[in-house]
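# Dropping the sequence and predicted coords here.
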Amino acid sequence: LDEPSLYTVKAVLILDNDGDRLYAKYYDDTYPTVKEQKAFEKNIFNKTHRTDSEIALLEGLTVVYKSNIDLFFYVIGSSHENELMLMAVLNCLFDSLSQMLRKNVERRALLENMEGLFLAVDEIVDGGVILESDPQLVVHRVALRGDDVPLTEQTVTQVLQSAKEQIKWSLLR
């Protein structure tokens, strides 16, 4: 029985403008080793970084992508996956980061806010299942997982610092 599964995302990747990995999360074992993952990442980067389109079919997978300044964002699904669903994930991730980084979606700002990126991806996709496609809700939840203060009033780093403090206190209780 080949029923459509809820597992719609195989990977979420962010590469820099040399095609090097800044963030990668694989949700299945299509590429079981880091070596295979990096080879795949180089391949998609080489195939996509000079094109203006948003969708590629590669190695039997559907790849949707967008670039901004010095970052390349990819969401990967199986070949029979709905591109619109994958695109919704991609746009949600990009728009969430754009809000969190105050529209400054570039490599340095991202590297300073990696924890926020990890939290955002976890809000959008869980185990390959798409949970959320509304960036407002994602940003809101990432903020809640910090200290109930909107991100406009404190950076993601501060949010996480306070979360770490809370964890420390709860362990000491």
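Arrived safely.

# List the beta-bridge partners for D126.
V129 (DSSP bridges).

# any low-confidence regions in the chain?
1-7, 146-173 (pLDDT under 70).

# which residues in it form strands?
Counting by DSSP state E, the chain has strands at residues 11-16, 21-26, 55-58, 61-68, 71-78, 125-126, 129-130.

# which secondary structure elements does the last one contact?
Read it as strand 129-130. helix 83-100 (3 or more Cβ pairs under 8 Å, 6 or more residues apart in numbering; DSSP states H and E). Glycine gets a C-beta too; all of them are placed from N, C-alpha and C.

# same thing with the fourth one?
For strand 61-68, the contact count by 3+ Cβ pairs under 8 Å, 6+ apart identifies helix 34-48, strand 55-58, strand 71-78, helix 83-100 as packing neighbours.

# chain center to it, what's the gap?
12 Å (Cα atoms, centre = their mean, to the nearest Å).

# The helices and strands packed on strand 61-68: which one's closest to L111?
strand 71-78 (10.3 Å; Cβ to Cβ).

# How about residues contacting that closest one?
8-17, 19, 22, 44-45, 48-49, 60-67, 85-87, 89-90, 93-94, 105-107, 110 (Cβ atoms under 8 Å, 6 or more residues apart in numbering).
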